[in-house]
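Colleague: Show me how the following folds:
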Amino acid sequence: MSAPAPSESPMFSPPSLPISTQPSIRRLAYRLSGFVRGRLWLQVLVAMALGIATGMAIGPTGGWLSPTHAELVGNWLAMPGYLFLAMVQMIVIPLVVASIILGMCSSRDMAQLRSMGLRTGLFFLCTTLVAALIGVALAMAIEPGSYLQVTQLPHTAEASSQAAATAPSLASLPAQIVQVVPTNPLRAGVDQNMLQIVVVALFVGVALVTMERTTAQPLLDLLGAVQEVSMVVVRWAMYLVPVAVFGLLAQLTARMGLDALLGMGIYVATVLCGLLLAFGFLMAVYAVVRRRSPLTFLRGTRDVLLLAFSTSSSAAVMPLTIRAAEDALGVRKSIARFVVPLGTTINMAGTALYQVIATLFLAQVYQVNVGLSGLLLVVVLAVGASIGSPGTPGVGIVILAMMLGSVGIPAEGVALIIGVDRILDMCRTTLNVAGDLVAASVIEELADQPPPPEA
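Modeller: Numbering: from 1, shown residues only. Sure thing, here's the model as predicted:
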């Protein structure tokens, strides 16, 4: 049964979330939860093992096929994986825009919305900075790059082209800040500049909140339909996840060889250790602010965290994340439906941590002396670049390619990072989603006003 209609508000009061879209988040979350009930995470783990075994057999380790034929077979095996990535990237912009605007319009109080937005942004910035500093500390203490020699690195033209992008310098920072507000929103969508897209969504959301309800309602109804259509496409893409993981890992193992992957073990362990420490930090924040046990958090959010691990996409699991925040963590709708969609785009603590460790790892491999100024630049770039990156699989490696040239690291190292990026992407996405849930809980605790009375 649908939710009861809210009471009529005065003519100039902000519009509430449209009636037709109020239950849509729960419908979308229920559809996604079917993948959890089907143990998608277990299917992904099996697919990972089979993919690595297949890649070993057809690649240089097993030698069943010649290099030419192994590359041909690997490309065909990886095709479902690239199709999955394309489908998620295709739909992430309308999904994020619709979710942010609808979440903002679910709040009736402009002052509360302004306060909530400021606190949410500061929370995401602080947690991302802490994660990046954890990455610096671990990379400098463990020095994972000292366990790998330069001769083990693959040299490919693909890696060079991916790292061709250069990071902005400090001198161009004012111009970069101004460019956050897009002069052409359509161009921002074409370029997939997620930070500019979020800014556009925030402007539209604030405008709709201040408009008359009758004027804003048609656009809100349209955005509710866009949100549902986006998640239908995401649900279709979900069916490709196991075969996508299998194909991508088979292709990478066949191309790299098992020896090179095993040589990356210390690096992978360093990143995983950093992600665990950052997750522990989030649990400590949750326990202190909400005064609840982290075990309660884990029990309530287990399903969405497993699905995030399986898909490597925080955008794909957004409806389930919102439902977990509302039902398991006790976050009111107006907060959960604003914080979670916003966090899907600007909360990338796991991505920032990964980029810092990966950059310093390659610097150690190539014996590049980064120095104190270089460390500060790496941290600033990791935090800044991760904010506004799309919550889709594989985006971390694109941002990393941009950062390497800023500290003089050769481009070829990206090829080695790509070899283990799939596993690390799944883990850092889990941390990002956990950060969204903790942020919603913290903002709920710090909210100025009690929940509005039920109609």
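Colleague: My guess is residue 409 contacts residue 364. True?
Modeller: No. Residue 409 is beyond contact range of residue 364, at 10.0 Å (criterion: C-beta atoms under 8 Å). Glycine gets a C-beta too; all of them are placed from N, C-alpha and C.
Colleague: Pretty sure residue 102 sits against residue 224.
Modeller: Yes. Counting by C-beta under 8 Å, residue 102 does reach residue 224; the two are 6.4 Å apart.
Colleague: and these two? which has more neighbours close in?
Modeller: Ranked by neighbour count (other C-beta atoms under 10 Å), residue 102 and residue 224 place residue 102 first, with 26 against 21.
Colleague: Quick one: mean pLDDT for the helix or strand where the more buried one lies?
Modeller: Using DSSP states H and E, residue 102 sits in helix 67-105. Helix 67-105 shows a mean pLDDT of 82.
Colleague: Quick one: name whatever helix or strand follows that helix.
Modeller: helix 110-142.
Colleague: I'd say residue 431 and residue 278 touch.
Modeller: Yes. Assessed by C-beta under 8 Å, residue 431 is found in contact with residue 278 at 5.9 Å.
Colleague: Report the set of residues contacting both of the two.
Modeller: 131, 349-350, 353 (C-beta atoms under 8 Å, 6 or more residues apart in numbering).
Colleague: The residues you listed in helices, which ones?
Modeller: Judged by DSSP state H, helices contain the following of these: 131, 349-350, 353.
Colleague: Can you show me the helices along the stretch 351-455 of the chain?
Modeller: 371-386, 395-404, 413-446 (DSSP state H, counting those that start in this stretch).
Colleague: Go through those helices and name the closest to residue 56.
Modeller: Closest to residue 56 of those, according to C-beta to C-beta: helix 413-446, at 13.0 Å.
Colleague: buried sites along that closest one?
Modeller: 413-444 (16 or more other C-beta atoms under 10 Å).
Colleague: for the record, mean pLDDT for it?
Modeller: The average pLDDT for helix 413-446 rounds to 84.
Colleague: Just the angle for that helix relative to helix 349-365, thanks.
Modeller: 150 degrees (axes from the mean of the first three to the mean of the last three C-alpha atoms, to 10 degrees).
Colleague: For stretch 39-58, buried residues please.
Modeller: 40-41, 43-45, 47-48, 51-52, 54-58.
Colleague: Likewise for stretch 61-75?
Modeller: Applying a neighbour-count criterion of 16+ other C-beta under 10 Å, one finds 61-62, 65, 70, 73-74 buried in stretch 61-75.
Colleague: Can you get me a residue count around residue 266?
Modeller: Residue 266 has 16 nearby residues by other C-beta under 10 Å.
Colleague: so which helix or strand takes in it?
Modeller: helix 265-290.
Colleague: State the mean pLDDT of the following helix or strand past that helix.
Modeller: Downstream of helix 265-290, the first helix or strand assigned by DSSP H and E is helix 294-311. For helix 294-311, mean pLDDT is 91.
Colleague: same deal with stretch 274-284?
Modeller: 96.
Colleague: Would you indicate which residues of it are buried?
Modeller: 274-275, 277-279, 281-283.
Colleague: for stretch 217-236, same thing?
Modeller: So, applying 16+ other C-beta under 10 Å, buried residues of stretch 217-236: 217, 219-220, 223-224, 226-228, 230-231, 233-235.
Colleague: hmm, back to that, looking at the helices of the stretch 351-455 of the chain, spot the one closest to residue 82.
Modeller: Nearest of these (C-beta to C-beta): helix 413-446, 12.5 Å.
Colleague: can you pull the contacts of the closest residue to residue 447 other than its chain neighbours?
Modeller: In space, residue 447 comes closest to residue 335 once its chain neighbours are excluded; the distance is 6.5 Å by C-beta to C-beta, 6 or more residues apart in numbering. Listed by C-beta under 8 Å, 6+ apart, the contact set of residue 335 reads 116, 440, 443-444, 447.
Colleague: low pLDDT regions in the stretch 251-400 of the chain?
Modeller: 258-263, 384-399 (pLDDT under 70).
Colleague: from memory residue 219 sits against residue 208, does it?
Modeller: Yes. Assessed by C-beta under 8 Å, residue 219 is found in contact with residue 208 at 6.6 Å.
Colleague: ok, which stretches of the stretch 101-250 of the chain are strands?
Modeller: Along the stretch 101-250 of the chain, no stretch is classed among the strands by DSSP state E, counting those that start in this stretch.
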